[in-house]
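J.: Below is the sequence, then the predicted model.
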Amino acid sequence: MNILALRFNDGSVNLIETPAPTLTPGCVRVRTAYSALSPGTEGGKISTGKQSLLGKAKARPDQVRMVLDMARSMGIKETINKVRSKLDGAQPLGYSLAGVVTEVGEGITDLQPGDLVACGGGGYANHADEVVVPRNLVVKVPEGVGADAAAMTTLGAIAMQGVRLAEPTLGEHAVVIGQGVVGLLASQLLKANGCRVFGADIAPAALDLALKSGSVDAVGRLGEEPVEEAIESFTRGMGADLVLICAATSSNDPVQLAGRIARKRGRVVVVGAVGMDLPRPDYYTKELAFSVSCSYGPGRYDPSYEEGGLDYPHGFVRWTEGRNMEAFLDLAALGKIDPTAVVTHQLPFAEAPAAYEMVHARSEAFGGILLKYPEQESTPVKEVVLRESKPIGDGQIGVGCIGAGSFAQSFLLPPLAKQSGVTLTAISTRTGLTAVDAGQRFGFAKAVDDADAVLADPDTSAVFVATRHDQHGPLVLAALDKGKHIFVEKPLCLTETDLKAIATKATAMQAEGNLPVVQTGFNRRFSAAAAKVRAHFGQDHGPLTMMYRVAAGVIPADHWIQNPDAGGGRIRGEVCHFIDLMQYVCGADPVSVHAAAIAGDNPTAMPEDDVLITLRFADGSVGTVGYFAHAAKSVAKERLEVSGAGRTAVLDNFAAVELMDAKGRKRVRCPGKGQAEEVAAFIEAIRQGQPTLPLESQLATTLATLRALDSLRSGAVEPIKIQEL
């Protein structure tokens, strides 16, 4: 299959052949008939990509702040790696299409192959000849609506949500500032609501299209004509009852104009991305209602709705993004709106890059732009060859990869690609695009359509797993079943059920003498800083006291890591790192744990955001992890202080360590968190047939996080007994 992809480093847009996306439960597979470009959103991405680094920084100051925060917590080198990976990687484009269902995932009963559907959602409804989309982002197309019109549905839902917030009534005067695609569709919806609509824009061609398509009743050109006088005449001197701002500009001009032309107690709704420094005199004296519309409607940006399949009750949330999409199509079926009337260009999918170049250069006037896909059915692509395959030689280790997000591309794949005696074989990701892109950049032989294909590959003897956390446990078990060595990014797994299954399977394989190397991505123990700390105390150090302070930073409640099912929360997902490092320093596994959440009145805090976790280890050592999401941003992320046997060591955010004993103190620079070292250790462990990180220790770390959660609920000290697994 082919997918349209953007590279942020230069703004280039290309068609890339990839394996078919993986069909997962709660999703449907769709063969695309038409997809609609979003000249505003997607055109903005292209323009930003074509700018210099300085230009990108000026265009996205919010991203610059994030990078600076990342540098403070992660260090400059790691931040550079992550930013470079983001810029170099290929990103999918598109979020509005129509096509035919070819396959339904587990749990889907109301759609079937052959149904014509409209799909939405960035990262799902991409410009690609085949897509896999969650059920709540898919709606059936009613009779009488063509696939070309249906492809405009997501754009129409954006317009509809803005119109809903404006609450139009019959006979009102509406002004729509910005007559791009969304503005034109919003104008049509307002007319369908019985409003008289005035369209305003700076481009004569946009106004011509607005009139030609019948989307508006009258128009005015901003900056060139006395638009305010025309609007006063249009509204019979009363002013606009409502104003929709569908423009895209950093200027405050649209909201200032809206304040001047709106009647007393009028409504102003922002749909586009504009400056919002509101002029107080107009908005205050007229007592204007001002609101900002959020994309397609309720459910947008909520993973439980969009990906988890949980719908909002009709009685409480009448219009979700999915129901907005349905309503838009119903209006098209009734002839109340005509989405195709605003389409000015229709190109074959193969010519899509030229369409984006036209949008960026504005070489000609345009409104709606549709991409048309070949009508013939295509066989799902299972595999894409990325380089000439060579036989795996003696002493060579064939390594595959499942999942390749930004972390893997920044910290795991670069050192893996540099390992001597390693041949990179097969790589798979959910969408296929990342598999091809990362596979080409790091030297994999082929991109395949799913994890099973990686595990079944005969040239692959070891696998890296860098998927979402909920897939770790099942993939470890699947790799063990295939006899593959496995490196799994932390955590090892999320549930005690998976942990017991891994322990049982590993014990049986160990008894038979054929247990592959299993290594969880606890990189900190492999860092130079950790080695310095451990060496400082020697072999016979006796019990140690360890205090680990982590200024973790806030992760939004709707982030996948905070989802107990997908990410497992912050204790299972990240605190495992710090427990493992303390195990490494003292040389013993944890035997009990007590956890206490910090009570507070912060409405954005999650239960695991601010916790104190105290562990006792088998050698009598005691360690405390203070994990604080709401620490000052200027605080370095990690600080570990260890004392015992007349010695103290302080690990300062993996930049340096300070070592103190009876002879005095010294500070040693040793930057890096050990990602390259852990990759090298995994490969060496395979060669030597001896794991660097004992599986029992990994089981104990994982069980400690599960028992810490138990302790949060019970308030009691919880024992950690891996022998019971």
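T.: Happy to help now that I have it.

J.: Now the nearest residue to G403 once chain neighbours are set aside: which helix or strand?
T.: Nearest residue to G403, sequence neighbours excluded (Cβ to Cβ, 6 or more residues apart in numbering): T467, at 3.5 Å. All C-beta atoms are positioned from the backbone trio N, CA, C, and that covers glycine. Per DSSP states H and E, T467 falls between elements, in no helix or strand.

J.: give the contact list for T467.
T.: The contact partners of T467, by Cβ atoms under 8 Å, 6 or more residues apart in numbering, come to 402-403, 451, 475.

J.: quick check, nearest of the residues you listed to N324?
T.: Closest approach between these and N324, by Cβ to Cβ: G403, at 32.7 Å.

J.: Let me know the closest of the contacts of T467 to G26.
T.: Of all the contacts of T467, G26 sits closest to A451, with 17.7 Å by Cβ to Cβ.

J.: Which parts of the stretch 351-500 of the chain are helices?
T.: For the stretch 351-500 of the chain, applying DSSP state H, counting those that start in this stretch gives helices covering 352-361, 406-407, 413-417, 433-442, 451-456, 472-481, 496-511.

J.: Equivalent analysis for the stretch 101-250 of the chain, please.
T.: In the stretch 101-250 of the chain, the helices defined using DSSP H, counting those that start in this stretch lie at 147-150, 153-166, 181-192, 204-212, 227-234.

J.: for the last one, which positions count as buried?
T.: If I follow you right, that is helix 227-234. For helix 227-234, a neighbour-count test (16 or more other Cβ atoms under 10 Å) marks 227, 230-231, 234 as buried.

J.: Same list, the residues you listed, but as TSV with pLDDT and distance to I3 please.
T.: Formatted as TSV, the buried residues of helix 227-234 follow (pLDDT from 0 to 100; distance: Cβ to Cβ, whole Å):
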residue	pLDDT	distance to I3
V227	94	42
A230	96	45
I231	97	44
F234	97	45
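
J.: show me where pLDDT drops low in the stretch 451-600 of the chain?
T.: By pLDDT under 70, the low-scoring segments of the stretch 451-600 of the chain are 599-600.

J.: again with the stretch 1-150 of the chain
T.: Ranges of the stretch 1-150 of the chain meeting pLDDT under 70: 52-87.

J.: give me that answer again for 90
T.: 7-12, 39-90 (pLDDT under 90).

J.: Pull up the gap between D282 and R263, please.
T.: Distance check for D282 against R263: by Cβ to Cβ, to the nearest Å, it reads 11 Å.

J.: Repeat that for T520.
T.: From T520 across to R263, the span is 64 Å (Cβ to Cβ).

J.: Looking at those two, which is more packed in?
T.: Legend: neighbour count by other Cβ atoms under 10 Å for T520 and R263, higher for T520 (27 against 18).

J.: For the more buried one, give the beta-bridge partners.
T.: V488 (DSSP bridges).

J.: In contact with it, which residues are there?
T.: 488-492, 576, 580, 693, 698, 701-702.

J.: E678 versus that one, what's the distance?
T.: Separation of T520 from E678 (Cβ to Cβ): 9 Å.

J.: Surely D148 is in contact with L370?
T.: Yes: between D148 and L370 there is a contact under Cβ atoms under 8 Å: 5.9 Å.

J.: which residues do those two both contact?
T.: Common neighbours of D148 and L370, counting by Cβ under 8 Å, 6+ apart, are 34, 343, 346.

J.: could these go into TSV alongside secondary structure and distance to A98?
T.: Output for these, formatted as TSV (DSSP: H, G, I helix; E, B strand; the rest coil; distance: Cβ to Cβ, whole Å):
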residue	secondary structure	distance to A98
Y34	strand	5
V343	strand	13
Q346	strand	13
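
J.: which among the residues you listed end up buried?
T.: Buried members of those, counted by 16+ other Cβ under 10 Å: 34, 343.

J.: from the shared contacts of D148 and L370, which is closest to M546?
T.: Nearest to M546 among the shared contacts of D148 and L370: Y34, at 60.0 Å, using Cβ to Cβ.

J.: Which of D148 and L370 has more residues huddled nearby?
T.: The residue with more neighbours, out of D148 and L370, is L370; 26 against 18, by other Cβ under 10 Å.

J.: Can you tell me how far the more buried one is from A5?
T.: Distance from L370 to A5, by Cβ to Cβ: 19 Å.

J.: cool, T497 as well?
T.: 38 Å.

J.: Those two: who's more crowded?
T.: The neighbour comparison of T497 against A5 (other Cβ under 10 Å) goes to A5, with 23 against 10.

J.: check contacts around that one.
T.: With Cβ under 8 Å, 6+ apart, A5 has these contacts: 13-16, 90-93, 433, 437.

J.: Tell me which residues touch the closest residue in space to it that isn't next to it in sequence, please.
T.: Distances taken as Cβ to Cβ, 6+ apart put A90 closest to A5, at 3.9 Å, once the chain neighbours are dropped. Neighbour list for A90: 5-7, 16, 433-434, 436-437 [criterion: Cβ under 8 Å, 6+ apart].

J.: Let me know the closest of those to A361.
T.: Distances from A361 to the contacts of A90, taken by Cβ to Cβ, are shortest for L6, at 15.8 Å.

J.: Secondary structure class of the closest one, three-state.
T.: Following DSSP: H, G, I helix; E, B strand; the rest coil, L6 is assigned to strand.

J.: and it, how many neighbours?
T.: L6 is flanked by 21 other residues according to other Cβ under 10 Å.

J.: Show me what it is bridged to.
T.: Beta-bridge pairing of L6 under DSSP bridges involves V13, Q91.

J.: Give me the distance between it and E306.
T.: Per Cβ to Cβ, L6 is found 22 Å from E306.
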